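> Coordinates only, no sequence provided:
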């Protein structure tokens, strides 16, 4: 599923994309690679050793959007995350939350974070992770709502891993 900007959020499609990703093979080695839509160039996924990271939904551009309209766009995006979280909680049990802002913004000495945190940082995806796992096939799933800059769309993403996710270590230590 490749969400195009300003497409209405579709809960069944988002759930289906996550379920498909949970049953798809994950790379066991090799470099981290990103893929894009061949027609639009929009990012469709990033795969690396033991993980798959991909967009589920994105808002319209927020260029020139201020005040009440901005708050409404943000509330709409947060409601999409809340609806998907509630649905997955019903099926997988309660989630836990992993705060990502402090660890990923702590740039330290410039050393790389381990994957998948390096990819999240490179994509400016600093939103907290809403986590479940272990799930079938010994997988973990996470959702996050992100915005890399004030004018760009809000983006709801999913991360599937073959290992538990805990706070990334400080690369400076």
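Looks like it arrived, so ask away. Worth saying up front: this structure is predicted, and the values here are computed from it rather than measured.
> Tell me, how many residues neighbour the nearest residue to residue 60 once chain neighbours are set aside?
With sequence-adjacent residues excluded and distances taken as Cβ to Cβ, 6 or more residues apart in numbering, residue 60 is closest to residue 6, at 3.6 Å. All C-beta atoms are positioned from the backbone trio N, CA, C, and that covers glycine. Applying other Cβ atoms under 10 Å, we find 11 other residues in the vicinity of residue 6.
> and residue 6, what helix or strand is that in?
Following DSSP states H and E, one finds residue 6 outside all helices and strands.
> Which residues are in contact with it?
58, 59, 60, 61, 153 (Cβ atoms under 8 Å, 6 or more residues apart in numbering).
> Are any of those buried, and if so which?
58, 59, 153 (16 or more other Cβ atoms under 10 Å).
> if we can go back for a sec, return the distance of the residue nearest to residue 60 relative to residue 59.
Using Cβ to Cβ, to the nearest Å, residue 6 is found at 7 Å from residue 59.
> what do those two both touch?
Listed as contacting both residue 6 and residue 59 by Cβ under 8 Å, 6+ apart are residue 153.
> And the next helix or strand past the lowest-mean-pLDDT helix or strand in the chain?
When each helix and strand of the chain is scored by mean pLDDT, DSSP states H and E, helix 101-105 comes last, with a mean of 63. Downstream of helix 101-105, the first helix or strand assigned by DSSP H and E is helix 117-122.
> from the chain's centre, how far out does whatever helix or strand comes next after that next one sit?
Per DSSP H and E, the first helix or strand lying C-terminal to helix 117-122 is strand 129-135. In terms of Cα atoms, centre = their mean, to the nearest Å, the centre of strand 129-135 is set 12 Å apart from its chain centre.
> residues making contact with strand 129-135?
By Cβ under 8 Å, 6+ apart, strand 129-135 touches 22, 81, 85, 88, 92-93, 95-98, 100, 139-144, 159, 161, 164-165.
> please redo it, this time with the cut-off set to 6 Å
Outside strand 129-135, the residues that touch it by Cβ atoms under 6 Å, 6 or more residues apart in numbering are 85, 92, 95-98, 100, 140-144, 165.
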